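[1] Take this sequence and fold it.
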Amino acid sequence: MANQREYRPPTSRSSRGWALAGAAVAAAIGIAIVARPHPAAEPTAAVAPETKTIAFNADRAFSDLTKQVEFGPRVPNMKGHQPCLDYFVKTLTPLADSVTKQEFSQRIRGEKLPMTNVIARWDGRPGSAPGSGVLLCAHWDTRPTADYEQSSDRRRKPIPGANDGASGAAVLLELARQFKQAAPTVPVMLVLFDGEDYGPGIEDMFLGSVYFADHLPANTPKRGVLIDMIGDRELSIPQEGNSLNAARDVVEEIYAIAQRKGLDRQFPAQAGANIEDDHMPLNKKGLHVADLIDFDYGPGHSWWHTLADTPDKCSSASLKAVGDVLLEWVYRRK
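    This next block holds a predicted model:
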């Protein structure tokens with residue numbers, strides 16, 4: 001993911017600190033900030049009775065996070081990529097009504113990159129209202145270069161991607177287990193995007209979501225949530241600006257649920273930065289997809305795209321906060 005401006009080479013660490021002290025700092029480093037926070041509103045759909053059988057297993061989700069990191073960097077043509085893909089397919093197949101692999105490739109700087117989006121579906125109750133389904137997304141690949149390391153040798157290494165990649169996929173895998181336990185009443189499509197973080201420039205990012213958006217499967221739900229970098233042990237997910245512009249209805253529902261659950265600290269109902277992420281290609285196709293992202297990772301955002309993105313920087317409690325909110329959001333649909 002990236003801010004509104006294109007990727008900049010890591011000439012100095014001070015040039016990439018994020019706007020935590022106000023709009024003046026934000027302008028200095030090139031992040032667009034939404035002018036005013038938007039208050040959360042109550043969702044209108046009723047809670048399905050199945051929710052009483054559901055319990056997001058935070059320890060199991062964190063185990064999924066560490067398992068992905070143990071595979072090694074999940075970069076196309078690197079050795080950790082295929083085993084991790086196999087793990088996702090093997091895990092999801094007995095949980096979902098259907099699992100498909102959306103395979104594609106792209107040539108970047110002379111190298112052919114085979115990539116795969118993983119798509120799992122739950123059919124929902126027969127006769128579900130048209131348009132009632134939901135889309136849940138995350139990227140599973142990792143950055144091939146640690147762009148913000150101080151030494152050139154370290155910058156050439158791929159990141160571990162515990163938070164930036166593994167955290168979102170881990171939450172989705174645990175949601176899938178809950179959907180098996182109690183089937184959602186509305187159709188659910190879960191998508192793990194490949195090629196989100198390849199780069200280094202923004203023109204070579206979001207490859208999986210762009211391909212998905214250009215080849216939307218039949219009956220893709222129109223409303224959805226993307227989760228990215230949500231494992232931070234000091235989790236704080238403000239309302240992402242582009243999401244407010246394109247999927248305000250989804251944002252309002254998510255933050256109302258979080259507020260009711262007492263998760264105001266993790267989900268502050270205040271404006272955040274405008275982030276370029278996998279939701280952008282989807283929203284350009286007319287979908288309403290909100291991005292839940294904590295884009296302040298480590299002191300001064302110092303762990304992002306570095307070799308420090310390891311499981312000890314993440315928390316099972318953060319995974320659970322996001323998972324609990326998304327579970328209620330899905331089961332409130334009818």
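
[2] I'd like the next helix or strand past the element among helices and strands of the chain having the smallest mean pLDDT.
    Sorted by mean pLDDT, DSSP states H and E, the helices and strands of the chain end with helix 23-29, the least confident at a mean of 32. The first helix or strand that comes after helix 23-29 along the chain, using DSSP states H and E, is helix 58-70.

[3] show me where the chain has strands.
    Here the chain has its strands, by DSSP state E, at 2-3, 98-108, 111-122, 134-139, 188-193, 223-228, 275-276, 288-293.

[4] Could you dump the ones you listed into a markdown table with mean neighbour count added?
    Glycine gets a C-beta too; all of them are placed from N, C-alpha and C. Converted to a markdown table, the strands of the chain look like this (neighbours: other C-beta atoms under 10 Å):
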| stretch | mean neighbour count |
| --- | --- |
| strand 2-3 | 19 |
| strand 98-108 | 14 |
| strand 111-122 | 20 |
| strand 134-139 | 26 |
| strand 188-193 | 26 |
| strand 223-228 | 26 |
| strand 275-276 | 20 |
| strand 288-293 | 27 |
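
[5] The ones you listed into a markdown table, with extra columns for mean pLDDT and distance to residue 211?
    Listed next are these as a markdown table, based on pLDDT from 0 to 100; distance: least, C-beta to C-beta, whole Å:
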| stretch | mean pLDDT | distance to residue 211 |
| --- | --- | --- |
| strand 2-3 | 56 | 18 |
| strand 98-108 | 97 | 5 |
| strand 111-122 | 98 | 7 |
| strand 134-139 | 98 | 12 |
| strand 188-193 | 98 | 9 |
| strand 223-228 | 98 | 15 |
| strand 275-276 | 97 | 17 |
| strand 288-293 | 98 | 15 |
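
[6] Just put those in CSV and tack on distance to residue 156.
    Output for the strands of the chain, formatted as CSV (distance: least, C-beta to C-beta, whole Å):
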stretch, distance to residue 156
strand 2-3, 20
strand 98-108, 16
strand 111-122, 15
strand 134-139, 22
strand 188-193, 25
strand 223-228, 24
strand 275-276, 24
strand 288-293, 26
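
[7] ok, residue 133 to residue 328 distance?
    Separation of residue 133 from residue 328 (C-beta to C-beta, to the nearest Å): 16 Å.

[8] Quick check on the two: which one has the bigger neighbour count.
    residue 133 (24 against 21; other C-beta atoms under 10 Å).

[9] neighbours around residue 59, how many?
    There are 10 residues near residue 59, going by other C-beta under 10 Å.

[10] pLDDT at it, what is it?
    pLDDT for residue 59: 98.

[11] what residues are up against it?
    Shown in contact with residue 59 (C-beta atoms under 8 Å, 6 or more residues apart in numbering): residue 316.

[12] Look up how far residue 124 lies from it.
    According to C-beta to C-beta, residue 59 and residue 124 sit 29 Å apart.

[13] Using CSV, list the CA coordinates for the longest helix along the chain.
    Ranked by residue count under DSSP state H, the longest helix found in the chain is helix 316-331. The C-alpha coordinates for helix 316-331 follow below in CSV (Å, rounded to 0.1, in the frame of the first residue of the first chain):
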residue,chain,number,x,y,z
SER,A,316,-3.4,-11.8,18.8
ALA,A,317,-5.5,-9.2,20.6
SER,A,318,-5.3,-6.9,17.5
LEU,A,319,-6.3,-9.8,15.2
LYS,A,320,-9.3,-10.5,17.5
ALA,A,321,-10.5,-6.9,17.6
VAL,A,322,-10.7,-6.9,13.8
GLY,A,323,-12.1,-10.4,13.5
ASP,A,324,-14.8,-9.7,16.1
VAL,A,325,-16.0,-6.6,14.2
LEU,A,326,-16.0,-8.3,10.9
LEU,A,327,-17.9,-11.4,12.2
GLU,A,328,-20.6,-9.2,13.5
TRP,A,329,-20.7,-7.2,10.3
VAL,A,330,-21.2,-10.3,8.2
TYR,A,331,-23.8,-11.9,10.5
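
[14] Can you give the distance from that helix to the centre of its chain?
    Centroid displacement of helix 316-331 relative to its chain, using C-alpha atoms, centre = their mean, to the nearest Å, is 13 Å.
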